[in-house]
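1. Got a sequence here, can you model it:
(one chain, ligands or ions: 1)
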Amino acid sequence: MTSDQSKFQFREPDFPPDLDPGEAELLLAFDIWIHEKHPNPEREGCPGRDRLEAVVRAKTKVEDQYTLDHIGLCAACLDEMKEIKRELTGR
Ligand SMILES: [Zn+2]
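-> A predicted model of the protein is given here:
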């Protein structure tokens, strides 16, 4: 039901260079990687649930660059987005 992972563009300076964007395996690898490198338990700089939800709901290009960049640096937000996605799709 959800095949739109590619709309997220993670931009992160120390992102593993051997990975190409837009693949399921990549998202999985990214997931593991970000939890290791950027768990962000303090939720530092997190844009908040409303903005994360806006990114999840976006049908076209997301203009909220801050949030997009932040997601690429924050495992906590990534997890929250997954939760939001599950809620929106009715799991
Ligand atoms: Zn965050």
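
2. Name the nearest residue to H38, sequence neighbours excluded.
-> Nearest residue to H38, sequence neighbours excluded (Cβ to Cβ, 6 or more residues apart in numbering): L73, at 5.1 Å. Yep, even glycine has a C-beta here, placed from its N, CA and C like the rest.

3. So the one you found versus L52, what's the distance?
-> 13 Å (Cβ to Cβ, to the nearest Å).

4. same check, this time on G45
-> Noted for G45: a distance of 13 Å to L52, by Cβ to Cβ.

5. helices or strands next to the strand or helix carrying L27 in the packing?
-> In the assignment (DSSP states H and E), L27 maps to helix 24-37. When contacts are defined as 3 or more Cβ pairs under 8 Å, 6 or more residues apart in numbering; DSSP states H and E, helix 24-37 sits against helix 75-88.

6. The helix it packs on vs the ion: in contact?
-> Yes. Judged by Cβ under 5 Å from the ion, helix 75-88 comes into contact with the ion at A76, C77.

7. and that helix, which residues are buried?
-> A75, A76, C77, L78, E80, M81, I84, K85 (16 or more other Cβ atoms under 10 Å).
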